[in-house]
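> okay, sequence plus prediction incoming.
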Amino acid sequence: MDATTGLRLKPHRVSVRKDGATLFLTSKLPLDPAVERTADWVHRWAAEAPDSVFLTAREGDGRREVAYGEALAQVRAIAASLIARGLGQETPIVILSGNSIDHALLSLGAQYAGVPTVPLAEQYSLIPEAHGRLVYVLDKVVPALAFADDANRYASALGLPQLENVEIVASTTDGAPGPATAFGDLLDGNPAVDVDTRLATVGPDTVAKILFTSGSSSDPKGVPTTQKMMCTNQAQMASVLPFLKDRPPRICDWLPWNHVFGGSHNFNMMLAHGGTLAIDNGKPTEALFAETVRNIVERPGTLSFNVPAGFSMLVREMDADPDLCEAYFRDLDMIFYAGASLPQEIWSSLEAMAKAVRGRLPLMISSWGMTETAPATLMVHEPIGRSGVVGVPLPGTKIKLIPDEEMRCDLRVKGPNVMAGYYRDPVTTAEAFDEDGFLVTGDAVRFVDVEDPDRGLRFDGRLSEDFKLLTGTWVHAGKLRLDTLEGLRGLA
């Protein structure tokens, strides 16, 4: 039991091997056994805790809840409906809308039946200027079914020629540009379908979903995410954060499911441990953050995941709202940030508030990962007292570091959570791996203490953004940008 947090934790233990200048890092900690597929989690908790709430969300003037026993029945019904339609590994389902209970149930039903889902960023459908990205993805995956929670809101996307002969399913079908199936119809199932026989064909190598990278500088790349990648990644994290198994965790979370952080990391962590996911329809924006505050007060979590901007807004609100501060910290075990480094002043404010509310600190950590790594590969899993560290290798992963003369390291990774290649893109796949089979991430890291690898690594920018001046001096543009933003923080 860790004295600082009162939680069961595993300390950092790293093995380092050198091959010339190249370093290979692995964890000395054993890897927990992993289930073969997400359906195993659904079955487990439906049997052990059928009345425990799995999903809850505000819908209309009330709140909808789905317990684990109910979830299993609905997931199996959806799986039967998809199988009856002839869907399988080669007939993906594209999901246009954001987080919702129907979205979650459809995803799990598809995974149960071995049908890949393709969750996409809402803006691809809602912003006409972004339809080019949507068309690119639709042409790439050729879906057999498309889902949106509100057919009227997504009508312009649902009316695209690429979806002309695709079945449209919507939670609300009013305003659809053509024929649409009500989501409730999928819940009717099909008694003629042998769901168990299909489930027996779903294994570790079955593609569960295809996540598309942001494509900020090029076309989005599809990452086939297998059952093994997702299930092993949860086992890796549970290996070093054993407190997750001590009681079912709870989160109130807004992070979008088209992104690996929200949709694989957080969602599956709740499912793996029999936890509760309160879907937050707010966001860390001035227009929507009030909804987040409301949801936190009503459904506070034992774990808190966010990006630095979200934590900054939360600290500001808690300064002015003692009830929010009390609700947030009352039962909190862990604060986890990702996406960028958390400003140290925000870290310190969260520490001070936690001590004031409950007299001790939660575990405050971060990690490093990518869509291609499902995602967690490096993770902090012991109290470190500072921001900016992305941790040490998780059990089962292998880290390859190629240092320069300043010990800034090119980060490459290998492990059971790493993709085999990009979707229908052999050229980009070949470019993504080095001669030893390591994924070339394009990111740079440095040791916190080169003499003590157990202290972990810190992120140090993108190698692809670096350039050399005519003088021969390298400019690390990504790191320079981060340092500049940090230096300008707080200025109008």
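It's in. Numbering: from 1, shown residues only.

> drop to CA atoms for contacts and neighbour counts, all remaining ones
OK.

> what's the separation between residue 457 and residue 100?
Noted for residue 457: a distance of 36 Å to residue 100, by Cα to Cα, to the nearest Å.

> more crowded one of these two?
residue 457 (26 against 21; other Cα atoms under 10 Å).

> next one, pLDDT for the closest residue to the more buried one other than its chain neighbours please.
Distances taken as Cα to Cα, 6 or more residues apart in numbering put residue 447 closest to residue 457, at 4.5 Å, once the chain neighbours are dropped. The score at residue 447 is 97. That number is its pLDDT.

> low-scoring stretches of the stretch 351-492 of the chain, by residue?
Of all residues in the stretch 351-492 of the chain, those with pLDDT under 70 make up the ranges 464-492.

> was I right about residue 340 contacting residue 308?
Yes - under the criterion of Cα atoms under 8 Å, residue 340 makes contact with residue 308 at 6.6 Å.

> neighbour count: these two, which is higher?
Remark: of residue 340 and residue 308, residue 308 carries more neighbours, 20 against 14, as counted by other Cα under 10 Å.

> so residue 135, which of the three states?
Under DSSP: H, G, I helix; E, B strand; the rest coil, the three-state class of residue 135 is helix.

> distance of the nearest residue to it once chain neighbours are set aside from residue 143?
Counting by Cα to Cα, 6+ apart, residue 135 lies nearest to residue 162, which is 7.1 Å off, once chain neighbours are set aside. Noted for residue 162: a distance of 9 Å to residue 143, by Cα to Cα.

> what about the two, which has more around it?
Neighbour count, other Cα under 10 Å: between residue 162 and residue 143, residue 143 has more, with 24 against 17.

> and for the strand ranked longest in the chain, what's in contact with it?
Longest strand in the chain, counting residues (DSSP state E): strand 439-447. Outside strand 439-447, the residues that touch it by Cα atoms under 8 Å, 6 or more residues apart in numbering are 407-414, 418, 432-434, 453, 455-464.

> repeat that for stretch 333-345.
For stretch 333-345, using Cα under 8 Å, 6+ apart, the contacting residues are 5, 7, 302-308, 362-368, 386-388, 486.

> so how far is the longest strand of the chain off the chain centroid?
Distance, stretch centre to chain centre, for strand 439-447: 20 Å (Cα atoms, centre = their mean, to the nearest Å).

> how about it: buried residues?
439, 440, 441, 443, 444, 445, 446, 447 (16 or more other Cα atoms under 10 Å).

> check stretch 294-308 too.
With the criterion 16+ other Cα under 10 Å, stretch 294-308 contains buried residues 295-297, 299-308.

> what about the strands in the stretch 1-150 of the chain?
Using DSSP state E, counting those that start in this stretch, the strands of the stretch 1-150 of the chain run over residues 14-19, 22-27, 53-59, 62-67, 93-95, 117-119, 145-150.

> would you turn those into a markdown table with mean pLDDT?
Below are the strands of the stretch 1-150 of the chain laid out as a markdown table (pLDDT from 0 to 100):
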| stretch | mean pLDDT |
| --- | --- |
| strand 14-19 | 98 |
| strand 22-27 | 98 |
| strand 53-59 | 96 |
| strand 62-67 | 96 |
| strand 93-95 | 98 |
| strand 117-119 | 98 |
| strand 145-150 | 98 |
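
> report all helices and strands that the helix or strand hosting residue 461 contacts.
Element membership of residue 461 [criterion: DSSP states H and E] is strand 457-462. Packing partners of strand 457-462 (3 or more Cα pairs under 8 Å, 6 or more residues apart in numbering; DSSP states H and E): strand 389-393, strand 439-447, helix 477-488.

> if you set the cut-off to 10 Å instead, what comes out?
strand 367-369, strand 376-379, strand 389-393, strand 409-414, strand 439-447, helix 477-488 (3 or more Cα pairs under 10 Å, 6 or more residues apart in numbering; DSSP states H and E).

> neighbouring strands of that strand in the sheet, and parallel or not?
strand 389-393 (antiparallel), strand 439-447 (antiparallel) (DSSP bridges).

> need the helices for the stretch 151-300 of the chain, in chain order.
155-158, 183-186, 195-199, 227-240, 260, 267-272, 289-298 (DSSP state H, counting those that start in this stretch).

> okay, the ones you listed in TSV with mean pLDDT next?
Supplementary listing: the helices of the stretch 151-300 of the chain in TSV, determined by pLDDT from 0 to 100:
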stretch	mean pLDDT
helix 155-158	98
helix 183-186	98
helix 195-199	98
helix 227-240	98
helix 260	97
helix 267-272	98
helix 289-298	96
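
> to residue 208, which of these lies closest?
helix 227-240 (5.7 Å; Cα to Cα).

> circling back to that earlier point, any chance of the strands paired with strand 457-462 in TSV, plus distance to residue 376?
Below are the strands paired with strand 457-462 laid out as TSV (distance: least, Cα to Cα, whole Å):
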stretch	distance to residue 376
strand 389-393	9
strand 439-447	13
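
> tell me which of these lies nearest to residue 331.
Nearest of the strands paired with strand 457-462 (Cα to Cα): strand 389-393, 24.7 Å.

> quick one: contacts of the closest one?
With contacts defined as Cα atoms under 10 Å, 6 or more residues apart in numbering, strand 389-393 is touched by 12-15, 25-29, 236, 337-338, 341-342, 365-369, 376-382, 384, 399, 413, 445-448, 453-459.

> find me the pLDDT at residue 164, would you?
95.

> quick one: residues contacting it.
Residue 164 touches 158, 177, 178, counting by Cα under 10 Å, 6+ apart.

> with residue 71 instead?
42-43, 45-46, 50, 53-55, 65, 77, 104-105, 108-109.

> export those residues to JSON lines and tack on distance to residue 352 and neighbour count?
Below are the contacts of residue 71 laid out as JSON lines (distance: Cα to Cα, whole Å; neighbours: other Cα atoms under 10 Å):
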{"residue": "42", "distance to residue 352": "38", "neighbour count": "23"}
{"residue": "43", "distance to residue 352": "41", "neighbour count": "17"}
{"residue": "45", "distance to residue 352": "36", "neighbour count": "23"}
{"residue": "46", "distance to residue 352": "39", "neighbour count": "21"}
{"residue": "50", "distance to residue 352": "38", "neighbour count": "19"}
{"residue": "53", "distance to residue 352": "32", "neighbour count": "20"}
{"residue": "54", "distance to residue 352": "32", "neighbour count": "26"}
{"residue": "55", "distance to residue 352": "31", "neighbour count": "23"}
{"residue": "65", "distance to residue 352": "34", "neighbour count": "19"}
{"residue": "77", "distance to residue 352": "48", "neighbour count": "24"}
{"residue": "104", "distance to residue 352": "36", "neighbour count": "18"}
{"residue": "105", "distance to residue 352": "39", "neighbour count": "22"}
{"residue": "108", "distance to residue 352": "40", "neighbour count": "26"}
{"residue": "109", "distance to residue 352": "43", "neighbour count": "28"}
